[in-house]
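# this is a predicted model, with the sequence first.
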Amino acid sequence: MDRTHGTGDGWVGERIRLRGVEPEDWEGFRDLARDTDDARAAGPVDPPRSAAGFRAWTTERALRPPGGDTFRLVVETLDDQDFAGSVTVAHTDTRAGRFMTGIEIARGHRRKGYATEAVCLVLAHMFTEQRCHKCEVEVYAFNDASLALHRALGFSEEARLRRHEFIAGTYHDVVLLGITAAEFQAARPRPEPR
């Protein structure tokens, strides 16, 4: 199936592309929400959302202008243009040169390197094009896969917010990790523009 989204190819890695949200992505976002609920032993934290609610939410995001201080991109596989997850940038502080990012990969696409590529594409853009200095992520202490991913990318643990979030009937720690532009660039060869 040939699906072309938006006016450009997006940010392209070896196996994935980061592209803008399209209205037809609503099922992918619904499935991501289900995966998140399944990962929390006691089930969903929020009330169930209807298919129409997911359609409206996704359409609203698809109509937002690109860029800005907060944005969400779809992680799409290059081989079959399949929805593999999403990556976000938020809490951008242009004065301090700091931002936060988050990544969600759909269950059937995990352990294939997509999250690593997606985070690296976002970091490369924010550090080089937006001139940011530092990226931070917040990870639930029980999320071993996400902690391992970020540590492997060079993020360092900077703080632990003890008993910070209430999920599935229990308080959980949140780990704050960070990486500077210099740390990220020192560990990777400069990518050639495509």
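Nice, thanks for sending it over.
# quick check: which ranges of this protein have low pLDDT?
Within the chain, the set of residues satisfying pLDDT under 70 comprises 1-9, 36-45, 189-194.
# would you map the strands across it?
All strands of the chain, identified by DSSP state E, fall at 11-12, 16-19, 71-77, 83-93, 98-105, 134-140, 156-167, 170-180.
# mean neighbour count and distance to D31 added to those strands, as a markdown table?
C-beta coordinates here come from the backbone N, C-alpha and C atoms, glycine included. Shown next, in a markdown table, are the strands of the chain (neighbours: other C-beta atoms under 10 Å; distance: least, C-beta to C-beta, whole Å):
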| stretch | mean neighbour count | distance to D31 |
| --- | --- | --- |
| strand 11-12 | 18 | 23 |
| strand 16-19 | 23 | 17 |
| strand 71-77 | 22 | 12 |
| strand 83-93 | 19 | 8 |
| strand 98-105 | 20 | 10 |
| strand 134-140 | 20 | 20 |
| strand 156-167 | 12 | 20 |
| strand 170-180 | 17 | 24 |
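# and of those strands, who's closest to A124?
For A124, the closest of the strands of the chain is strand 11-12, at 8.2 Å, according to C-beta to C-beta.
# return the residues in contact with the residue nearest to A90 when sequence neighbours are not counted.
Leaving aside its chain neighbours, A90 sits nearest to T70 (4.7 Å; criterion: C-beta to C-beta, 6 or more residues apart in numbering). T70 makes contacts with 88-92, as judged by C-beta atoms under 8 Å, 6 or more residues apart in numbering.
# give me the nearest residue to F166, chain neighbours excluded.
Spatial nearest neighbour of F166, chain neighbours left out: H172 (7.7 Å); criterion: C-beta to C-beta, 6+ apart.
# for the one you found, give its distance to A96.
28 Å (C-beta to C-beta, to the nearest Å).
# equivalent analysis for V175, please.
V175 is 21 Å from A96, by C-beta to C-beta.
# farthest-separated two in the contacts of T70?
Largest pairwise distance in the contacts of T70, by C-beta to C-beta, is 11.0 Å, between T88 and T92.
# ok so, going back, so which of the contacts of T70 is the closest to T101?
Of all these, T101 sits closest to V89, with 5.5 Å by C-beta to C-beta.
# could you double-check that the closest one sits in contact with R98?
No: counting by C-beta atoms under 8 Å, V89 does not reach R98; the two are 11.3 Å apart.
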